[in-house]
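Asker: Sequence first, then the predicted structure:
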Amino acid sequence: MRYCLSAFVLALALVAPMALAHDYSHGQVKVDHPWSRPTPPGTPMGVGYMSISNTGSSDITLVGVETPRAGRVSIHETSMHDGVMRMAPVKGGLPIPAGTTVELKPHSYHLMLEKLKSPLREGESIPLTLSFEGAEAMQVELSIEPLDGKMMNTQSMDHSGEKMDHSGH
């Protein structure tokens with residue numbers, strides 16, 4: 001019994017720092033659990049998700065993101081229009097009003113990692129620099145987590161802003 005308890009305490013000691021590594025704070029900005037999914041070889045794009053909290057008394061805006069792993073990173077929003085899911089860049093940055101949290105998550109706001117230099121692999125961490133208007137830039141790491149079977153249905157995704165016609169006409 002004593003051995004089991006010691007092993008459990010050791011396991012907790014090893015896991016706790018890893019859990020904390022997903023949370024970042026700098027000034028009035030807190031970023032929780034930045035993550036992505038693995039990408040198949042040859043796929044030029046990946047995604048990034050996280051929660052960004054503004055604990056300050058003035059509004060901030062996420063205006064840019066960079067990583068050495070992608071040629072470009074843009075901020076996008078997915079929305080439904082007339083039964084068609086559309087994705088479009090967020091113009092002017094992503095506002096994060098004072099005292100609020102904005103979630104970047106599937107089927108909502110998210111980061112598009114474009115022109116990936118290599119596939120995103122499960123278990124690795126991808127460095128990101130988040131640039132804000134109204135707050136200092138911040139370094140975080142996207143944790144590449146296993147696929148969960150809830151991948152987006154890309155057949156109904158419209159990346160152009162135009163309605164997709166799946167009728168074949």
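Answerer: In hand now; what should we look at?

Asker: From here on, just use CA atoms for contacts and neighbour counts.
Answerer: Noted.

Asker: Please report how far the residue nearest the centre of the chain lies from Lys115.
Answerer: The centre of the chain sits closest to Tyr49, judged by C-alpha atoms, centre = their mean, with a distance of 1.8 Å. Going from Tyr49 to Lys115 by C-alpha to C-alpha, to the nearest Å gives 18 Å.

Asker: Next: Glu124.
Answerer: Glu124 sits 18 Å away from Lys115, going by C-alpha to C-alpha.

Asker: circling back: please tell me I have it right and the residue nearest to the centre of the chain contacts Val102.
Answerer: No: taking C-alpha atoms under 8 Å as the definition, Tyr49 is not a contact partner of Val102, at 10.6 Å.

Asker: buried sites along stretch 133-148?
Answerer: Within stretch 133-148, the residues scored as buried using 16 or more other C-alpha atoms under 10 Å are Ala135, Ala137, Met138, Gln139, Val140, Glu141, Leu142, Ser143, Ile144, Glu145.

Asker: Now go through those residues and say which are in strands.
Answerer: Met138, Gln139, Val140, Glu141, Leu142, Ser143, Ile144 (DSSP state E).

Asker: Tell me which residues touch the fifth one, please.
Answerer: The one in question is Leu142. When contacts are counted by C-alpha atoms under 8 Å, 6 or more residues apart in numbering, Leu142 touches His33, Pro34, Trp35, Ser36, Gly48, Ser125, Ile126, Pro127, Leu128.

Asker: how does it look with 6 Å?
Answerer: The neighbourhood of Leu142, defined by C-alpha atoms under 6 Å, 6 or more residues apart in numbering, consists of Pro34, Trp35, Ser125, Ile126.

Asker: likewise the third one?
Answerer: With contacts defined as C-alpha under 6 Å, 6+ apart, Val140 is in contact with Pro127, Leu128.

Asker: mind redoing it with 10 Å?
Answerer: Neighbour list for Val140: 21-25, 31-34, 125-130 [criterion: C-alpha atoms under 10 Å, 6 or more residues apart in numbering].

Asker: what does the last one give?
Answerer: Applying C-alpha under 10 Å, 6+ apart to Ile144 gives the contacts 34-39, 48, 120-126.
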